[in-house]
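> dropping the sequence and predicted coords here.
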Amino acid sequence: RSVIVQNIAEAERVGKKGKPVKDTASALPELMSKVRSVVGKSATSDLTARDLYNALAYSTRDGLIERFNKTHEHWAAKDSKFVYYLSAEFLMGRTLTNAVYNLGMEGKYAEALRSLGYDMETIQEQERDASLGNGGLGRLAACFLDSMANIDLPGWGYGIRYKYGMFKQALDKGGYQKELPDIWLTDGNPWEVKRSEIKYEVCFGGRTEKKTVNGKEVSVWEPNQRVYAQAYDNPIPGFQTPTVGNLRLWDALPVTEFDLAAFNAGDYDKSMLEKEKAECIVAVLYPNDATPEGKELRLKQQYFFVAASMQDVLTRFKAKHGSKWDLLPTKAVFQMNDTHPTIAVAEAMRLLVDVEGLPWEQAWSISSKMLNYTNHTVMPEALEKWPVKVMAKMLPRHMEIIEIINEGWIQWLQSNLPGTAAEKAAKVAAMSIVHENQWNKDELLVNMAYLAVVGSAHVNGVAAIHSDIVKNEIFNDFYKIFPNKFQNKTNGVTPRRWLAWCNPELATLITKTLGSDAWINNAELLSGLRKFASDKNFQSQWRAVKQQRKAKLAAMIKSQTGDDIDINNMFDIQVKRIHEYKRQYMNVLGIIWRYKQLKKMTPAERKASVPRVCMIGGKAASAYDMAKRIIRLVTAVGAKINNDPDTKDYLRLYFLPDYNVSLAEALIPAAELSQHISTGGTEASGTSNMKFQMNGCLIIGTWDGANIEIAEETGVENVFVFGVRAEEINQLRKERANYKTDPRFNEIMNDIAGGMFGDKEYFKPLVDSISNMKVGNDWFLVANDFAAYLDAQEEVDKVYKDPEEWTRRSIMYTAGSGKFSSDRTIREYAEDIWDIKPERPLA
Ligand code: F58
């Protein structure tokens, strides 16, 4: 301690106290100044890691805000066109490391922390993940913000400042998923800036009334609930650029904070009622919408952030351009991230027509030029359809607007579609934005995806195969009418967070080998590694890095489970949301088969096998029963095989609880094999496949989503591809009743059903879901693909036995990952959809 106190005193003597950190000498005094001003302690008090995290965060924030202001002054002066990324989810993860690295401050801060007896890693672990998202879609939004800032693209993200993000996942004693609230804001959030002056009223409910205004009949909305949307800005730094972009998140506040009269009359509950009702809107990320109340709340959330964001954009536009509304699409474009923000189509019309008084046609022309829609899924349950009843109750004016849009659309179809009257009528029914619920003829639904397609300038899918499905299946009727509206934008991930910062060991080797770190901002340069792929010396350095990361992960698992893990075993990882279509179930069945084989082997045969440590992680939606059973199957199988003395040196299975961004940053660099084994045609893209690829992890995967493009870039021969293709699945689904299932599959089904892993009643629905070949069962074709999967796994073992070949492939993966930088994706959006040019502020 006395050394530390001396260090502080010395540093403060020579340092430039209070100035933003530019060099090592100022880093320590700057931190200590934050300890005093923000943490409220003295330099000589006992400082905890949390104190230093706060000091470091506030110090970094100063640098961020300085650049943020410069960037935004510059963009305002240039009157740049902006893109607004509307998303109900932003899965940001931790901010500290990313900000410190992007600002180029890591060395200076690390040294300052060392002199205080801490390392950067301990400090960064104090930060809770910002888990404002479910999975791929939310993380993609976060990568996109990073890339926008990185390439100096004027743009913001807009979303919700949920009080509780994605639930924290634990396992209970029985090995079942337990969901705990994610209380990420309780200790404060140093990364946000509250903009007290920026708040908008957002209304709900009530009714509309026809009135005559200036001789015109108009519909006036008289809502029955009003709340304020309060802006919080979250600066987003680029790397090696002065640009700092923004994620603006909305909190909900009551219009009347506190009902003092009610309180004084002794009605304490009523005094707080309005506040509670407002807070409820932003309380939780995607409340369970299995109940009608949950459904309503979700629509409320969607409208809440869309209405606030659009008012915000229009307010800024008016301040600059007054009522020159035709200019609006040249100054602002919106990207709607899936169907969640698509109420924007109706809100844009409401704001332009009802509030600004524009004629309908002019408003439609403006709105349909500035809105764009990305589809992220082919799963029908995720293509939102709102009951007209719910929409009319919550947003009566929007329901009217949607009906007007739909009438115009239907009229247009009737005059433009070819064919007989009957053919036309059938098409019109199939393409109507408002349509019958196919399961309940008495209910009418608003199809939000159709609304978005009709109301947008561009529609895109997120990988080549997915965009083909979007055009040829999901929206085929629309595609035939507007072929030019549809595009593909293959997803990407930021190489900063997902390679350079999370895997500094590999990054250092790459930079040394390529002679520069330019690949961090230009990932295509990674292709320069190809020529070293067979170089023995390089291979051994490459392997050494992987071993280092495996050792780190092994230590983490040891600390959680007490188990020792041999880092010479293959690390085989599948991490993603738990879903039947992603087929974690098939992975477990494969592990059971491997276990059964090992049990039959002699000790010598076992020694000659390829030992594996399998890890599966991911959250099951709280109302998704099958997914929860799959998790329990993983923990049950793990409990058996990890404790079997015959096999535990050759095979392990761990369920890694609470998979989130930070855990991914630890797992991905350590992975040697990763599994992306969705049924052909079901995974829109996948993005973790790209992260694993960047980190030199081999892939076993189906011909699905971005796996296809990854294989093309890596060399198909380097990827373990198996299973049915998208174009085969419709036929196969029809033929399921005639399946002759693989005897190995049948054996395993019997084992599970017979109680080999305990809990047999609980597993029964799982077994039934894929093994009784009736119509409706095994929708995701696990039984069908199982044999091919086992064959592919055998091939994996064969290659792993040849470390040089394995390492060569590993290098080829990283070398082929350049295309999957989100910088590339964002450039494509900017050029082909947004029509926005980079605009770098002066340093
Ligand atoms: C994912 N969708 C796709 N949805 O599944 C994945 O293939 C793709 O790579 C990714 O989007 C990015 O394009 C996805 O993550 C959700 O999380 C939904 C959010 C709303 C509730 C239902 C899940």
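Received, thanks.

> this protein against the ligand: which residues are in contact?
Counting by CB under 6 Å from any ligand atom, the residues of the chain lying close to the ligand are 134-137, 140, 286, 376-377, 382, 462, 491, 683-687, 705. Placement of C-beta: from N, CA and C, glycine included.

> in helices only, show me the residues you listed.
136-137, 140 (DSSP state H).

> not counting sequence-adjacent ones, nearest residue to the closest residue to the ligand within the stretch 401-550 of the chain?
Relative to the ligand, the nearest point of the stretch 401-550 of the chain is residue 462 (4.0 Å; CB to the nearest ligand atom). Distance criterion CB to CB, 6 or more residues apart in numbering; nearest residue to residue 462, sequence neighbours excluded, is residue 685 at 4.1 Å.

> next up, the contacts around residue 306.
By CB atoms under 8 Å, 6 or more residues apart in numbering, the residues touching residue 306 are 86, 341, 343-344, 347.

> out of those residues, who's the most crowded?
residue 343 (32 neighbours; other CB atoms under 10 Å).

> quick one: contacts for that one?
299, 302-303, 306, 395, 398, 448.

> mind checking how far it is from residue 128?
Residue 343 sits 30 Å away from residue 128, taking CB to CB, to the nearest Å as the criterion.

> picking up where we left off before, how near is the residue nearest to residue 462 to residue 667?
20 Å.

> looking at these two, which has the bigger crowd around it?
Higher neighbour count among residue 685 and residue 667: residue 685, with 29 against 26, using other CB under 10 Å.

> the more buried one contacts residue 463, doesn't it?
Yes. Shown here, residue 685 and residue 463 form a contact pair, counting by CB atoms under 8 Å, at 3.8 Å.

> what residues do those two have in common as contacts?
Counting by CB under 8 Å, 6+ apart, the common neighbours of residue 685 and residue 463 are 490-491, 705-706.

> any idea which element residue 386 lies in?
Per DSSP states H and E: residue 386 is located in strand 385-387.

> for residue 251, same thing?
strand 244-254.

> packing partners of that strand?
In terms of contacts (3 or more CB pairs under 8 Å, 6 or more residues apart in numbering; DSSP states H and E), strand 244-254 is packed against helix 49-78, strand 90-93, helix 136-150, strand 155-160, strand 225-237, helix 268-281, helix 292-321.

> so what's the gap between stretch 185-194 and the chain middle?
Stretch 185-194 has its C-alpha centroid displaced from the chain centroid by 21 Å (CA atoms, centre = their mean, to the nearest Å).

> ok, back up a step: tell me the strands beside the strand holding residue 251, with direction?
strand 155-160 (parallel), strand 225-237 (antiparallel) (DSSP bridges).

> now it - C-alpha only, PDB.
This file holds the C-alpha atoms of strand 244-254, laid out as PDB (Å, rounded to 0.1, in the frame of the first residue of the first chain):
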ATOM      1  CA  VAL A 244     -17.800   9.200 -32.000                       C
ATOM      2  CA  GLY A 245     -21.400   8.200 -33.000                       C
ATOM      3  CA  ASN A 246     -24.400   7.900 -30.800                       C
ATOM      4  CA  LEU A 247     -26.900   5.400 -29.500                       C
ATOM      5  CA  ARG A 248     -29.900   7.300 -28.200                       C
ATOM      6  CA  LEU A 249     -32.000   5.300 -25.800                       C
ATOM      7  CA  TRP A 250     -35.400   6.300 -24.400                       C
ATOM      8  CA  ASP A 251     -36.500   6.100 -20.800                       C
ATOM      9  CA  ALA A 252     -40.200   6.600 -20.000                       C
ATOM     10  CA  LEU A 253     -41.300   9.200 -17.400                       C
ATOM     11  CA  PRO A 254     -44.700  10.100 -16.200                       C
END
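
> next helix or strand past that strand?
By DSSP H and E, the next helix or strand past strand 244-254 is helix 260-264.

> same for that following helix, what does it pack against?
helix 268-281.

> ok so, going back, could I get the contacting residues of the residue of the stretch 401-550 of the chain closest to the ligand?
140, 374-376, 488-491, 684-685, 706.

> got the phi and psi for the residue of the stretch 501-650 of the chain found nearest the ligand?
Of all residues in the stretch 501-650 of the chain, residue 577 sits closest to the ligand, at 6.7 Å by CB to the nearest ligand atom. Main-chain dihedrals, residue 577, degrees, to the nearest 10: phi -50, psi 140.

> which residues touch it?
Per CB under 8 Å, 6+ apart, neighbours of residue 577: 134-136, 618-621, 627.

> what helix or strand is residue 108 on?
Applying DSSP H and E, one finds residue 108 within helix 106-115.

> and the helix or strand that that helix is followed by, which residues are buried?
Note on helix 106-115: by DSSP H and E, the next helix or strand toward the C-terminus is helix 120-124. Within helix 120-124, the residues scored as buried using 16 or more other CB atoms under 10 Å are 120, 123-124.

> centre of the chain to helix 120-124, how far?
That offset, for helix 120-124, works out to 24 Å (CA atoms, centre = their mean).

> adjacent strands (with direction) for whichever helix or strand comes after that helix?
Once the chain leaves helix 120-124, the next helix or strand it forms, by DSSP H and E, is strand 130-132. When pairs are called by DSSP bridges, strand 130-132 turns out to pair with strand 90-93 (antiparallel).

> which helices and strands sit right next to the helix or strand following the strand it pairs with?
Per DSSP H and E, the first helix or strand lying C-terminal to strand 90-93 is helix 96-102. Under the contact definition 3+ CB pairs under 8 Å, 6+ apart, helix 96-102 sits against helix 49-78, helix 120-124, strand 225-237.

> related to what we said a few turns ago, now the residues of the chain next to the ligand: which count as buried?
Buried members of the residues of the chain next to the ligand, scored by 16+ other CB under 10 Å, are 134-137, 140, 286, 376-377, 462, 491, 683-687, 705.

> the strands in the stretch 551-700 of the chain, which residues?
570-575, 612-617, 651-656, 673-676, 698-702 (DSSP state E, counting those that start in this stretch).

> for the stretch 701-843 of the chain, that is, sorry about that
Assigned by DSSP E, counting those that start in this stretch, the stretch 701-843 of the chain shows strands spanning 720-722.

> for the protein, what helix or strand is lowest in average pLDDT?
helix 2-14 (a mean of 66; mean pLDDT, DSSP states H and E).
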